[in-house]
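Visitor: after the sequence you'll find the predicted model.
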Amino acid sequence: MNYIVLIKQVPDIRNIPPDAWDWEKGTLRRGMLDTVCNELDRQALAFTAALRREHDGQVVVLTMGPPFATEVLRYALSICADRAVLLTDRKLGGADTPATAYPLSQSIRKIEKEIFGGDRDYLIITGMQSVDGDTAQVPPQVAEELGIPHIAYATSFRFADGALQVARITRVGKEVVSPTSYPALITVTNWTEPPFASFHRTVWAFDQEIVNWSAADVEADPGRIGLTGSRTTVNRIFSPKDVSTKNCEYVTDMGRLAVKIREIYDAKLSSQGAAEEVGEQYRLPQDRTPTFHGEVWVYAEADESGLHPAAFELLGRAAALARSLNEQVAAVLLGSGVDALARELIAYGADKVYLAEHDLLGHFSPLPYTETIGDLIGRYRPQIVLFAATPLGRELAPRVAYRTNSGLTADCTALDLIDLKRAGKEYTGILRQTRPALGGNIMASIITQNADIQMSTARPGVLKALPRDDSRQGEIIEYTPQLAAERVGVSLVSFEPVQATAELSDAGVIVTGGAGLRTKENYDAYIRPLATELGNFLGVESMVGASRAAVERGMIDRGHQVGQTGQTVKPRVYVAVGVSGAVQHLTGMQSSDIIVAINKDAKAPIFNVADLGVVASLEETIPQLTEALKAGAVQR
Amino acid sequence: MTGINKVDVLIVGGGPAGLSAAIKLQQLLNAKGRPERVAVIDKAEKAGQHILSGLVFEPEALTELIPDWKERKDPFVTKALGSEVQIDDTLFLTKSRAIKLPAWIVPPYLRHRGDLALSGAEMVRWLVTEAESLGVRVYTGFAAVEVLYGESGVRGVRLGDKGRDREGHPQVNFVPGEAIEAKVTIFAEGSLGQLAEDVVQKMGLDRGRIHQIQSLGVKEVLKLPADNAFGPNHVVHTFGFPLPDVFGGGTLYSLDKSTVAVALVLALDWKYADLSPQQELQVFKSHPYVAKMLEGGEVIAYGAKTLPEGGYFALPQPYTGGALVVGDAAGFTDVRKLKGWHNAMRSGMLAGQAVAEAIEQDDFSAGALKRYGELLEAGPVIADLKRGRNYRQMFTKGRTVYLGAPLSLVQRFVPGRIKTEPDYLGTKRVLLERDYRGGYDRLSDVALSGTIHREEEPSHIAIADPDGCAACLRDYGVHPCEYFCPADVYRFEDGELVLNPSNCVHCQTCRHKCPHQVIQWRVPEGGGGPKYKIM
């Protein structure tokens, strides 16, 4: 078996100097940034090296980028690649994800023909997403262009009786799947330590010739690459930082603190509602016809446990958009034996439910799902399709978008309608899709162009669902897809539901302990109960976090570390206990909605970013606060 | 695999000295049509990331290395040619005033008109491109940790392991440190280079020399508003405030019309047990004159590095069998000018020349490489250092700038050599008790150095004997390392030392200044450390 590894050279987002942003122009001065090999692509290289140890074959590494991207190809050669191909051409610049996936696929076809001699027994392996674009769209779209199966979020593999089995994580469990046709594409998540290059292999890598291909070399259709081939474009880039600096309100009574947290929490939620109402107030101009036509759709994600709550949030937003556009809201529901869920979708705002049932849709698999939704879209031509930015949504939406010629924006945190004049074109009632990029360092608003359909995945928890109304009426339209088992491309070997080991970045509430706690005993005694009670109090999922200093002192493992060298989080409520607030920590949490700081040092910089502050010893405060929250939760 | 890698010439350290040696040598080899190739290794993840300097640069050295450099059409050359110093002020700062020294009083070695105000990191990146175009290989992310010796001297180096965990156990990504053997190894690690120290000590190259002494430079780069008071092509050197009784001073160099590098250079023999150089830099910036110049500025980069100041009498014999030492690793900084780059580059070029001759004769013995020593003696590097041989020592004798500065002017007439003591002995039970709180705090500055180390790697800093820490508290009333470290690596909590080695910017002040000499600093995993871009 042979291997093609797709890698990307990305800016080093661990280290963005303050002057790298040109806020006036809304651009990033790339020259100010170091470039590195995308971290998950390093994981992909490690994955490939491990695969190759078990199943020998040629490894070709491919990247698309400027000439100096040879740097990451040298790195890949020094890890495990035998040959390196650089796809570089000015005509490829400014591409969105389909305009990237297409020429990459053309290159893969050329590699298959010229390097593998037409042998189709190969795997394409790549990181799940890049840290700069952060869309996770290119890999599924490459698979879609090539018409091959993909396996996303791979964490390990093994060979059983010569057949490759890949373990992957889903939102609800861990599944093992096996490709049934080749080539197949695998995206790799964080599964091992990033690989290091040995010196002798590095010396060898520097002596290798790197193959340079242009767009013409890979016979790419000029209409499908670069800016011309892109279906989305960046409208504006802005800083996520609040312009107003926070004014910390100091509280001494813990019962009062609990009340204040609740007040601000509710106020922020309703102000988000208010922001949505701004969108709702959008009215189509009298004298103009909207740029796009058709219904507003929501893909309703369902699994063994029922509908994902994000479906209701999407419906809430879709209802507002549809009202402004004088269109209907529809939900798309796929599965096997899921018809009972359709009524629920209507109760949450759907005017219509497109219900597609089939045995092959009983368990999520990208190819039959893409085919089914693609057929529905082809038949009914909606103007907007929203997916939840769940792991499933983020692997399904890219393929659907690619197949249906739609523009897609990943992981949106705001969706509204605007009119726009741009480059001599007038747009009316188009979807403005706002999302964080570059690890949350910037916000970008993106619009769709050169496409009939606007698609987004929206981050769960940011949009607001409508109240459930079981008296609402709606239409259920049943559709029976024509699916063939042999076209599925992967077979399910096993599935094991696991209580999701929630990612820190998914938690609604994070309580973080810092050096001020001093010992692991204190951490366990104070932080964990506080997190549990605060979660109960607000009715959201809570997790515990730690500053680097706390991790260094062995209070908890590094998986919980927040900050520059840990994770970047943005929960609804962030409580920092005994955290001084060094800038290295602040960069990882300062965009949280509500920040509560508890520290005995009144001068700790954490108070500069806090909404609520308590200056007191932790030993007294935390048990009182935990009790107050407990009592508050019971009252409700 | 831990096989032995063989290269023709290995250069340890990709700074101005190492790259000048590489470029000169490869030029000579290429001209003779010889097949030998030069390999440079550097511990930074990328070229230039561990380079920090003032930098007011005497461009003649670059012209000697690359005669047509001014004709090159690239952004660095354009920027460099536009950075010529036109306004050159030397100021004496009192607490509230700035007194400009008339030009006739400023000694010629402290005049800078015609020099170029550059970023060292930028220049090194440019030199790497030049070296690579000649066929030199520059391998970054590889840290050499050990010198390998053979019968006739140095045989090569061993690289550090990668992929060990906190406790030192190999992780799944473990890559053992490989040996690299070379006909000649050129040590160009810069100030406080540990392998150069090892060679000097093991090969007995330091006989009769005085202790090497150091200064620490802490530096910020600020972005100023377009209508700033400082302007382009302007350099300022100050002495006096904030520390008139510590050898050194402040500098402000414009990098372009709205970017200025601000630094404070302090001799490490300072007496104050609680002196924080990073904080002193903030105090310096609060001086009314400096504050006016920097008004509205935002710090965009920070770093710290030491420089050798022992001068002529502290130089080791810079060659032995199979090895040469160049640049700051040997101590070639001209202490009167407080400049090292031109000497670093010239020493590198001479090393390149000597090695080219050695390759020609296929003789890499100490006897053959002695040629490097002869070339140095005959050239301007040694001549410069000789002229300033007692300069720094005389300054130290003067105790404060008021006496030290005038004394330093007559240092040349002092017969013989004035001895030095190791810098750590300068620490006394005297506290500065600075309670200035303005400016940037130390951790915010450290973040702007971009420094990062893999979180799981073993600590590269260790305390040989914790009793030393207790002794410090007893002797000085404080733990000096909590203050002198410009990167906040050392913190005592409830009397216990908590190390933050991942903050380290590799200046090694700790190892040099620790009063009881219990701090052990080893080179961390290759690729870790600061990520300077415009330092």
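Guide: Nice, thanks for sending it over.
Visitor: from the contact counts, what lies against the host helix or strand of A:A576?
Guide: Assigned by DSSP states H and E, A:A576 falls within strand A:573-577. Secondary-structure packing of strand A:573-577 (3 or more Cβ pairs under 8 Å, 6 or more residues apart in numbering or on different chains; DSSP states H and E): strand A:509-513, helix A:528-538, strand A:594-599. Quick note: C-beta positions are derived from backbone N, CA and C, even for glycine.
Visitor: which of these is buried the deepest?
Guide: Of all the helices and strands packed on strand A:573-577, strand A:509-513 has the most neighbours on average by mean count of other Cβ atoms under 10 Å in any protein chain shown, namely a mean of 30.
Visitor: which parts of the stretch 51-200 of chain B sit against chain A?
Guide: When proximity is defined as Cβ under 8 Å from any Cβ of the partner chain, the stretch 51-200 of chain B approaches chain A at B:137, B:139, B:141-142, B:159, B:162-163, B:171-173, B:175, B:178, B:180.
Visitor: which among those count as buried?
Guide: B:R137, B:Y139, B:G141, B:F142, B:L159, B:K162, B:G163, B:Q171, B:N173, B:V175, B:E178, B:I180 (16 or more other Cβ atoms under 10 Å in any protein chain shown).
Visitor: circling back to that earlier point, let me know the closest of the residues of the stretch 51-200 of chain B next to chain A to A:G229.
Guide: Nearest to A:G229 among those: B:G141, at 36.5 Å, using Cβ to Cβ.
Visitor: and the gap between that closest one and B:S83?
Guide: 30 Å (Cβ to Cβ, to the nearest Å).
Visitor: do B:G340 as well
Guide: Distance from B:G340 to B:S83, by Cβ to Cβ: 18 Å.
Visitor: re the thing from before, what would the helices and strands packed on strand A:573-577 look like in TSV with distance to chain B?
Guide: As requested, the helices and strands packed on strand A:573-577 are exported to TSV (distance: least, Cβ to the nearest Cβ, whole Å):
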stretch	distance to chain B
strand A:509-513	15
helix A:528-538	22
strand A:594-599	15
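Visitor: closest to A:V10 out of these?
Guide: strand A:509-513 (26.6 Å).
Visitor: which residues touch the next helix or strand along the chain from the closest one?
Guide: Sequence-wise, the next helix or strand downstream of strand A:509-513 (DSSP H and E) is helix A:520-522. Residues from elsewhere that reach helix A:520-522, judged by Cβ atoms under 8 Å, 6 or more residues apart in numbering or on different chains: A:G513, A:R553, A:G554, A:M555, A:I556, A:L618, A:E619.
Visitor: and with 6 Å instead?
Guide: Helix A:520-522 is contacted from outside by A:G554, A:M555, using Cβ atoms under 6 Å, 6 or more residues apart in numbering or on different chains.
Visitor: and it, average pLDDT?
Guide: Regarding helix A:520-522, the rounded mean pLDDT is 91.
Visitor: could you list the buried residues of it?
Guide: For helix A:520-522, using 16+ other Cβ under 10 Å, the buried residues are A:N522.
Visitor: check stretch B:505-522 too.
Guide: Neighbour-count burial for stretch B:505-522 [16+ other Cβ under 10 Å]: B:505-516, B:518-519, B:521.
Visitor: only alpha carbons, please: show that stretch as PDB.
Guide: Extracted in PDB, the C-alpha atoms of stretch B:505-522 (Å, rounded to 0.1, in the frame of the first residue of the first chain):
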ATOM      1  CA  VAL B 505      15.200  32.900  27.000                       C
ATOM      2  CA  HIS B 506      18.600  31.200  27.100                       C
ATOM      3  CA  CYS B 507      20.600  34.100  28.300                       C
ATOM      4  CA  GLN B 508      22.200  32.000  31.100                       C
ATOM      5  CA  THR B 509      22.500  34.900  33.400                       C
ATOM      6  CA  CYS B 510      21.500  32.500  36.200                       C
ATOM      7  CA  ARG B 511      24.400  30.200  35.700                       C
ATOM      8  CA  HIS B 512      26.800  33.100  35.800                       C
ATOM      9  CA  LYS B 513      25.300  35.300  38.500                       C
ATOM     10  CA  CYS B 514      24.000  32.700  41.000                       C
ATOM     11  CA  PRO B 515      25.900  33.800  44.200                       C
ATOM     12  CA  HIS B 516      26.400  30.200  45.400                       C
ATOM     13  CA  GLN B 517      26.800  28.800  41.900                       C
ATOM     14  CA  VAL B 518      24.200  26.100  42.400                       C
ATOM     15  CA  ILE B 519      22.200  26.800  39.300                       C
ATOM     16  CA  GLN B 520      22.900  24.300  36.500                       C
ATOM     17  CA  TRP B 521      21.800  25.400  33.000                       C
ATOM     18  CA  ARG B 522      22.000  22.900  30.200                       C
END
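Visitor: just confirm yes or no for it near chain A.
Guide: No - figure legend: stretch B:505-522 not in contact with chain A (Cβ under 6 Å from any Cβ of the partner chain); closest approach 13.1 Å.
Visitor: chain center to that stretch, what's the gap?
Guide: 15 Å (Cα atoms, centre = their mean, to the nearest Å).
Visitor: apart from its chain neighbours, what residue comes closest to residue 531?
Guide: No chain specified, so I'll use chain A. Of all residues not flanking A:A531 in the chain, A:V511 sits nearest, at 3.9 Å (Cβ to Cβ, 6 or more residues apart in numbering or on different chains).
Visitor: you looked at the wrong chain, it should be chain B
Guide: Leaving out its chain neighbours, the residue that sits closest to B:K531 by Cβ to Cβ, 6+ apart is B:G450, at 3.3 Å.
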